[in-house]
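Q: Below are the sequence and a predicted model; questions follow.
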Amino acid sequence: MPWPTGCGTVWDVEPRRQVLTGDLLWTPGPERVGRANVTAFSHWLATERGRQFGDYHALWRWSVTDLEGFWQAVWDYCGVEASAPPTAVLGVRAMPGADWFPGVRLNYAQHVLRNERPGEVALYYQSETAPLTGLPWPELANAVRVLATRLRALGVRRGDRVASAMPNIPQTVIAMLATTSIGAIWTSCSPDFGWRGVSDRFGPLSPKVLFCVDGYRYGGQDFDRRRETMQIVAALPGLKHVIHVPGPAGRAIAGITADPGGPALRTWEEVMDHPPVPTAGFRFEQVPFGHPLWILFSSGTTGLPKAIAHSHGGILIEQLKLQTFHMDLRLGDRMFFYTTSGWMMWNFLVSSLLLGVRPLLYDGHPGYPRPDVLWEMAQDAGVTFFGASPAYVDLLSKAGLVPAATYDLSALTAVMLAGSPVSAECGAWFYRNVKRDLWLCTGSGGTDICSGFVGGMPTLPVYAGEIQARHLGVSAYAFDLRGEPVTGEVGEMVITQPMPSMPVRLWNDDSGQLYQRTYFADFPGVWRQGDFFMVNERGGCFVLGRSDATLNRHGIRIGTAEIYAALESIEEVADGLIVNLDLPGGGFFMPLFVTLAEGAVLDDALTHTISERLRTQYTARHVPDRIIQVAAIPATLTGKKMEVPVRKILLGVPPDEAANRNAMANPHALDAFAEYARTQQDYRLGGAIRAG
């Protein structure tokens, strides 16, 4: 197979060869480097600011030392518009408490709708019940203006909260943009959340309006949400209005207004049945840079989810920077990321509208009715930027699918993986099965900032198992136990300079004490993200799992991601979770829990295979003390393994105290661990602790 012209890929993609961390997978050719947005930005800096940089890393160093110069350059280059100009870039530079662009007045949704283009498609959508369809810009923009006008008529004012329990469909995008266009604050859960999980999140916010569906379809099955919706409404005493969007089955929602003084129920059709609102006749609410835009939620695995408020200005400028330079998106591109409306990646996806990119929404199971349904959709929509989680790639790999053999993916130029660490084999899968000339853009960020800390850079090589670079404007470092930055060593991920999209507040934390404890307790004035992190000599990055789920063996800290990467290469193992228990007297016990592929048996041979794979690929310290089969690995609704709650359960904490089951994708998965903790003899022998 000949190499494409201008492609610098050098890795041997033969399936028989094992790929190792650090193997060179792809190098951008001169054409790719020349047309990259970051290249154009560098030329602009030289011309307009008189600044020249020899390479990306020099540009990054400037971006985290001259914050005012860098963020002003992003503001100007990306064309941020404001009805009142800022008096400075940073009025106050402290963390927490940075005051970005004081004096400015702007609106996030206004920046989206400024891209309205008659005759062009704004976004695409598809579901298990609807074929691929384009929503034209005039239809989207008018729907936003009509709904925003109706919300104002219903009494929604600046600062009010508007909640949504809706799927990833156009109406959800319209509702978000309408809400934020009038200065109200958006918040969202996907409809697969249990009613208590939704009320735990929405209750403290006292929303005035709730958007909901009567049901949704997933994996070919219809899920009736009417009963759960009534329970959610009953748990929101300040709610004034419920707006019902029909699901695939089109069921009526009855009983919501049974109580006197309860919220009024309206249908989407009723609310939207009003004359068009012309652009000139609509007023976007002009708000300060730090005015809350939306509220996202932490995973809530060990307690009630934290309500994280992000700002209009912070998300606007951070997403413009991220998607322009680190995702290399531009006007007319077509971006897909498999997500629900309850994950921060939905906010990423919708924010691509800021650049005139056409997002592709998908509502349904990623493997129904066929495992490769998303690739067929990518072909039909001409997707240029495809995003998913490593877990999805694992599903495709184990199914033996080769999208390149079936679909025309000639428009595809980049793939983004997010949600969990990306192993070397996972990254190599794309070069074997999707496309040789492909930019694999992996990264790590967080709901905390609704952006990335480290990620892709289209002008740099791609190395297996390695994130390309730290993001511009993100002063990310690995700190050792003394609070000093280290290179080539695993440490705590910290951010030493403020970022515009750091939360403006945690809701109902008026004193700021919870904010301080969450991010700044360990290193005063320095943001601690809670991940193990390493930066190598060439600037490549590794995020190695949560630091509060550390595996500490004989004084050596091990990232859980290394264990999971090794398990991926064992066909009999479907999934795994590992924890380390620090026991009194200096002992420890490190069990590995696994789920197995159909037909596999955890016998002595498979146990030996797992142990030897870990021993040979890493060290003897990576070998667990015991391997235990379980029916399911506990995971959050966004797919993150629940290592910390499992560790607490094994140390005797009751499951309902260790974890919030309403935040789980599989609430009953914890029961097996509680039973193991009650009956096991592995690390508690007659009350005596055995060292591992």
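A: Great, that's in hand.
Q: Quick check, Met272 in contact with Ala143.
A: Yes: counting by Cβ atoms under 8 Å, Ala143 is a contact partner of Met272 at 6.7 Å. For the C-beta atoms, the positions are set from N, CA and C on the backbone; glycine is no exception.
Q: Tell me which of these two has more neighbours.
A: Under the neighbour definition other Cβ atoms under 10 Å, Met272 and Ala143 were set side by side, and Ala143 has more, 21 against 16.
Q: would that one count as being in a strand?
A: No: with DSSP: H, G, I helix; E, B strand; the rest coil as the criterion, Ala143 is located in helix rather than a strand.
Q: Contacts only, for it.
A: Ala143 makes contacts with 174, 178, 272, as judged by Cβ atoms under 8 Å, 6 or more residues apart in numbering.
Q: how about a cut-off of 10 Å?
A: 135, 170-171, 173-175, 177-178, 272, 276-277 (Cβ atoms under 10 Å, 6 or more residues apart in numbering).
Q: And those, which of them are buried?
A: 135, 170-171, 173-175, 177-178, 272, 277 (16 or more other Cβ atoms under 10 Å).
Q: Which one of those residues is nearest to Phe520?
A: Minimum distance to Phe520 across these is 33.1 Å, recorded for Leu177 (Cβ to Cβ).
Q: Quick check: the closest one touching Leu151?
A: No: Leu177 lies out of contact with Leu151 (Cβ atoms under 10 Å); the separation is 11.2 Å.
Q: how many neighbours does Pro278 have?
A: Pro278 has 9 nearby residues by other Cβ under 10 Å.
Q: returning to that earlier point: dump the contacts of Ala143 to JSON lines, plus distance to Ala109.
A: Shown next, in JSON lines, are the contacts of Ala143 (distance: Cβ to Cβ, whole Å):
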{"residue": "Leu135", "distance to Ala109": "16"}
{"residue": "Pro170", "distance to Ala109": "15"}
{"residue": "Gln171", "distance to Ala109": "15"}
{"residue": "Val173", "distance to Ala109": "11"}
{"residue": "Ile174", "distance to Ala109": "11"}
{"residue": "Ala175", "distance to Ala109": "11"}
{"residue": "Leu177", "distance to Ala109": "5"}
{"residue": "Ala178", "distance to Ala109": "8"}
{"residue": "Met272", "distance to Ala109": "17"}
{"residue": "Pro276", "distance to Ala109": "17"}
{"residue": "Val277", "distance to Ala109": "14"}
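Q: Which members of those residues occur in helices, if any?
A: Counting by DSSP state H, these place 170-171, 173-175, 177-178, 272 in helices.
Q: could you dump those residues to CSV with distance to Met344?
A: Formatted as CSV, the ones in helices among the contacts of Ala143 follow (distance: Cβ to Cβ, whole Å):
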residue, distance to Met344
Pro170, 20
Gln171, 20
Val173, 15
Ile174, 20
Ala175, 17
Leu177, 17
Ala178, 20
Met272, 28
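Q: quick revisit: and which of the contacts of Ala143 is nearest to Gly79?
A: Using Cβ to Cβ, the contacts of Ala143 come closest to Gly79 at Leu177, 18.9 Å.
Q: Need the overlap of contacts for Met272 and Ala143.
A: Residues within reach of Met272 and of Ala143 at once, by Cβ under 10 Å, 6+ apart, are 171, 174.
Q: ok now do Ala165, which residues does it touch?
A: 172, 187-193, 195, 198, 201-202, 210-213, 225, 228-229, 232, 341-342.
Q: For it, list each beta-bridge partner.
A: Legend: beta-bridge partners of Ala165 under DSSP bridges are Cys189, Cys212.
Q: again, but for Pro136
A: Pro136 forms beta bridges with Val121, as assigned by DSSP bridges.
Q: didn't Arg251 look like it was pressed against Asp224?
A: Yes: applying Cβ under 10 Å, one finds Arg251 in contact with Asp224, separated by 6.7 Å.
Q: got JSON lines for the buried ones among the contacts of Ala143, with distance to Asn115 and pLDDT too?
A: Below are the buried ones among the contacts of Ala143 laid out as JSON lines (distance: Cβ to Cβ, whole Å; pLDDT from 0 to 100):
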{"residue": "Leu135", "distance to Asn115": "13", "pLDDT": "98"}
{"residue": "Pro170", "distance to Asn115": "16", "pLDDT": "98"}
{"residue": "Gln171", "distance to Asn115": "20", "pLDDT": "98"}
{"residue": "Val173", "distance to Asn115": "13", "pLDDT": "98"}
{"residue": "Ile174", "distance to Asn115": "15", "pLDDT": "98"}
{"residue": "Ala175", "distance to Asn115": "19", "pLDDT": "98"}
{"residue": "Leu177", "distance to Asn115": "12", "pLDDT": "98"}
{"residue": "Ala178", "distance to Asn115": "16", "pLDDT": "98"}
{"residue": "Met272", "distance to Asn115": "22", "pLDDT": "97"}
{"residue": "Val277", "distance to Asn115": "18", "pLDDT": "95"}
